[in-house]
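Trainee: output the structure for:
(2 chains)
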Amino acid sequence: MTSNPRTLYQKIWDAHVVESRDDGTSLIYIDRHLVHEVTSPQAFEALRVSGRTVRRPDLTLAVPDHNLPTTARRDAQGRRIPIADPESASQLAALERNAPEFGIRLIGDADIEQGIVHVVGPEQGFSLPGATIVCGDSHTACHGGLGALAFGIGTSEVEHVLATQTLLLKQSKSMEVRVDGDLRPGVSAKDVVLHITGVLRAAGGTGYVIEYTGSAIRSLSIEGRLTVSNMAIEHGARAGLIAPDEKTFAYIKGRSYAPQGADWDKAVAWWQSLATDPGAQYDKVVVIDAADIAPSVTWGTSPEDVLPISGIVPAPESFDDPSKQDAVRASLAYMGLEPGQRLDSIPVENVFIGSCTNSRIEDMRAAAAVLKGRKKADNVRWAIVVPGSGLVKKQAEDEGLDRIFIDAGFEWREPGCSACLAMNPDKVPAGERCASTSNRNFVGRQGPGARTHLVSPAMAAAAAVTGHLTDVRELV
Amino acid sequence: MEPVSQIDGRAIPFGRKNVDTDIIIPAHWLKTISRDGLGRGAFEALRQDPDNLFDSAEFAGSPILIAGDNFGCGSSREHAAWALLDLGIKAVIAPSFSDIFSGNAFKNGILTVVLPQEQVDRLLEVAKTDPIHIDLEAQTVTTPFQDRFRFEIDPFRKHCLINGLDEVGLTLARDTAISAFESTVQAERPFLARGTGVAA
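Mentor: Numbers count the residues shown, from 1 in each chain, chains lettered A, B, ... in the order given. Now for the predicted structure:
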């Protein structure tokens, strides 16, 4: 084999090439495939029509998440509470029909393991370092926090993976984003990735797979690393990666589908060999000083529109690029903001804590720590916490976090994608603001006319307490 | 996928330029669970007009659509190809297509024929009253009036369409290589080969 120093990305890529073609594409083997109810029905239908089977049903895991209401799913007698939206109900029914028909393990809507695909995969030990992982969802890069090469795919590709367990791909360029130094108190993984998105801009990672390195990244918990990698797509990258280490191995060990016994030792030995070799070259390197990162908040309608909470709403003229100036004007009009306004003066009527970015136990704890003994402000009309999975929910309840949220005036919901995207009943009303721990502040993302401010779980909790965007460090 | 080689029949003389995928299939049709039935949503806004071509006795169910420049621009939704297929369209003739749309069309066995504007104009005229014939083998479009227009097509795409090969089918033909790779993984990285443990 090659003796040239290689990056983590190159090593995972090389380990998955079934065959290479003259046109620069390679047939890449896919180790893990997650399917949910929205992007899989037509893929299964195509298999059925052509009489094809799923090549490796054991490498696919099905979980509904996007459309499910986050209210109770069973009544006191254990009967399903019908989903009001007929299209959501039919997508769920299709997944429940397709998974058993094709021999795929389905985690059901009321199972305790159910949750957002990107929370469930790592939690079940299904997502592993060094694996190639795909899902018909753009936030699949999340699993890169474990050191997996993970990315979103379209419906035709879902079908292709189901039938062949491979994808025909061209290798991306590699980028290192190194965050050196120690994170300041009150700065979370979400602030790190929002800051990175602000530095790279929304398209800065286009064409790249990004490896996040440096002492600040290493210092993050696995939950925090999943949060960072989750938003790789928000700065345009195909995938994000963080080299697996002892923390990663400790996180995975003992989970349902994690390797055991001799397999485990073999796995750890291989995972340890994946780290980027000294001297390996990236196509691009971006260095960020951890000390520059503050608790952050978005003010516009692109995730790159991010500033420290101490900042002010920028003027369109402060941007060099004329097309960005126009975009900022449109953003500010949509967001109902004026240049010069202090970010920490912006009132919010809604607070959403959840999504594949921030719904793990650490996120629940960070928000609860701020809310303990406090109540949401009167002008906060709607505040919900949506745990990323039934297991996160249970753990939080075992720790008494649900009481803290409920006492503070939050609703404590069932797991799902919820108000991250307006595909289920959880929506932000037109013209209202939401301090949201999700990943996209696009126009209409949380509902037609909804105004999203992306923040960390602790910052969302702080906004709930004061009724406006707030520097969480003032409350702790 | 159904093999495509000779397409014969009436052609809808649509002729419109810059037909985006929102026109072909509006966003509210994306919450479906099937590729079938999307024909009902195809060109939905245009079909509000009771005199529209798509529902006329003469053109309903025609296998060919003739359009203007830049057909299929806009969002990448594969539903656009599914909607046309469900409408019965097997080929679209236009002076140009968006790359994403022609890729999606190809994946679903729809032939996209690129011809110069003046030839498209001639076909639009003929289509009003007479059938059109597309011969993919010979790469020609002909009319009952001695018109014979030759078109270019990527040899790989032509091969796939004539033999009814889709990308999945082509990769399935690499089964030996994929199986060999799986054996290697089983031997060297068995922990990746296990998955959920449901029987394969």
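
Trainee: pull out the buried residues from the worst-scoring helix or strand of chain B on mean pLDDT.
Mentor: Here the helix or strand of chain B ranked lowest by mean pLDDT, DSSP states H and E is helix B:99-107, holding a mean of 86. When burial is assessed from 16 or more other CB atoms under 10 Å in any protein chain shown, helix B:99-107 yields the following buried residues: B:100, B:101, B:102, B:103, B:104, B:105, B:106, B:107. C-beta here means a position set from N, CA and C on the backbone, and glycine is covered the same way.

Trainee: right, and residue A:103 touches residue A:55 too?
Mentor: No. Here residue A:103 does not reach residue A:55: they are 10.7 Å apart, not a contact under CB atoms under 8 Å.

Trainee: comparing those two, which shows the higher neighbour count?
Mentor: For residue A:103 versus residue A:55, neighbours defined as other CB atoms under 10 Å in any protein chain shown are more numerous around residue A:55 (21 against 15).

Trainee: look up the pLDDT of the closest residue to that one other than its chain neighbours for me, please.
Mentor: Nearest residue to residue A:55, sequence neighbours excluded (CB to CB, 6 or more residues apart in numbering or on different chains): residue A:165, at 4.6 Å. For residue A:165, the pLDDT comes out at 98.

Trainee: and residue A:165, how many residues sit next to it?
Mentor: 23.

Trainee: got it, and residue B:130?
Mentor: When neighbours are counted by other CB under 10 Å, residue B:130 registers 12.

Trainee: so which helix or strand takes in it?
Mentor: Using DSSP states H and E, residue B:130 maps to neither a helix nor a strand.

Trainee: check residue A:26 too.
Mentor: Following DSSP H and E, one finds residue A:26 within strand A:25-29.

Trainee: what about that strand, near chain B?
Mentor: Yes. Applying CB under 8 Å from any CB of the partner chain, one finds strand A:25-29 touching chain B at A:27, A:29.

Trainee: looking at that strand now, give me its mean pLDDT.
Mentor: Strand A:25-29 carries an average pLDDT of 95.

Trainee: partners of that strand, with directions?
Mentor: Sheet partners assigned to strand A:25-29 using DSSP bridges are listed as strand A:17-20 (antiparallel), strand A:166-170 (antiparallel).

Trainee: switch those over to CSV; also include distance to residue A:30.
Mentor: Output for these, formatted as CSV (distance: least, CB to CB, whole Å):
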stretch, distance to residue A:30
strand A:17-20, 10
strand A:166-170, 6
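
Trainee: coming back round to it: please name every helix or strand in contact with the least confident helix or strand of chain B.
Mentor: helix B:79-87, strand B:111-114, helix B:155-162 (3 or more CB pairs under 8 Å, 6 or more residues apart in numbering or on different chains; DSSP states H and E).

Trainee: what angle separates it from helix B:155-162?
Mentor: 40 degrees (axes from the mean of the first three to the mean of the last three CA atoms, to 10 degrees).

Trainee: what sits up against helix B:99-107?
Mentor: Residues outside helix B:99-107 that contact it (CB atoms under 8 Å, 6 or more residues apart in numbering or on different chains) are A:156, B:21, B:71-73, B:76, B:78, B:80-81, B:84, B:92, B:97, B:111-112, B:157, B:160-161, B:166-167.

Trainee: if we can go back for a sec, and of the buried residues of helix B:99-107, the nearest to residue B:191?
Mentor: Within the buried residues of helix B:99-107, the smallest distance to residue B:191 is 34.0 Å, found for residue B:107 (CB to CB).

Trainee: measure the closest one to residue A:260 for me?
Mentor: Applying CB to CB, to the nearest Å, the value for residue B:107 to residue A:260 is 40 Å.

Trainee: next: residue A:66.
Mentor: Separation of residue A:66 from residue A:260 (CB to CB): 32 Å.

Trainee: higher neighbour count, these two?
Mentor: Taking other CB under 10 Å, residue A:66 and residue A:260 do not tie; residue A:66 has more neighbours (21 against 14).

Trainee: who touches residue A:278 in this structure?
Mentor: residue A:5.

Trainee: is it true that it lies in a helix?
Mentor: No. Applying DSSP: H, G, I helix; E, B strand; the rest coil, one finds residue A:278 to be coil, outside a helix.

Trainee: elements contacting the helix ranked longest in chain B?
Mentor: If you go by DSSP state H, chain B has its longest helix at helix B:175-188. If contacts are counted by 3+ CB pairs under 8 Å, 6+ apart, helix B:175-188 sits against strand A:17-20, strand A:25-29, helix B:190-193.

Trainee: go again with 10 Å.
Mentor: The contact analysis (3 or more CB pairs under 10 Å, 6 or more residues apart in numbering or on different chains; DSSP states H and E) places helix B:175-188 against strand A:17-20, strand A:25-29, strand A:166-170, helix B:167-172, helix B:190-193.

Trainee: and the stretch 351-476 of chain A, which residues reach chain B?
Mentor: Taking CB under 10 Å from any CB of the partner chain as the criterion, the stretch 351-476 of chain A approaches chain B at residues residue A:423.

Trainee: low-confidence bits of chain A, can you list those?
Mentor: For chain A, applying pLDDT under 70 flags the ranges A:1-2.

Trainee: could you measure from the closest residue to residue B:19 other than its chain neighbours over to residue A:453?
Mentor: With sequence-adjacent residues excluded and distances taken as CB to CB, 6+ apart, residue B:19 is closest to residue B:71, at 5.1 Å. According to CB to CB, residue B:71 and residue A:453 sit 40 Å apart.

Trainee: please apply the same query to residue A:319.
Mentor: 19 Å.

Trainee: residues contacting residue 24?
Mentor: Reading this off chain A. Counting by CB atoms under 10 Å, 6 or more residues apart in numbering or on different chains, residue A:24 touches A:170, A:171.

Trainee: nope, chain B
Mentor: Residues near residue B:24 by CB under 10 Å, 6+ apart: B:38, B:41-44, B:46, B:71-75, B:77, B:79-84, B:87, B:101.

Trainee: could you rerun that using 8 Å?
Mentor: Residues near residue B:24 by CB under 8 Å, 6+ apart: B:42, B:43, B:72, B:80, B:83, B:84.

Trainee: flag the shaky bits of chain B, pLDDT-wise.
Mentor: For chain B, the ranges with pLDDT under 70 are B:198-200.

Trainee: quick check: residues of it near chain A?
Mentor: Near chain A, when you scan chain B using CB under 8 Å from any CB, you find B:1, B:31-36, B:76, B:78, B:82, B:104, B:107, B:166-169, B:171-172, B:174, B:177-178, B:181-182, B:185, B:189-192, B:194-200.

Trainee: surely residue A:432 touches residue A:451?
Mentor: Yes. Counting by CB under 8 Å, a contact exists between residue A:432 and residue A:451, whose distance comes to 6.7 Å.

Trainee: which one's more surrounded, the two?
Mentor: Using other CB under 10 Å as the criterion, residue A:432 and residue A:451 rank with residue A:451 on top: 25 against 19.

Trainee: burial check on residue 49, number of neighbours?
Mentor: This is for chain A. Neighbours around residue A:49, by other CB under 10 Å: 11.

Trainee: please refer instead to chain B.
Mentor: 10.

Trainee: give me the domain ranges for chain B.
Mentor: Following automatic domain parsing, one gets these domains for chain B: B:6-164, B:166-200.

Trainee: could you say which of the ones you listed is packed most deeply?
Mentor: For the domains of chain B, the largest average neighbour count (mean count of other CB atoms under 10 Å in any protein chain shown) is found in domain B:6-164, namely a mean of 18.

Trainee: just checking, residue A:412 touches residue A:405?
Mentor: Yes. With contact defined as CB under 8 Å, residue A:412 counts as touching residue A:405 (5.4 Å).
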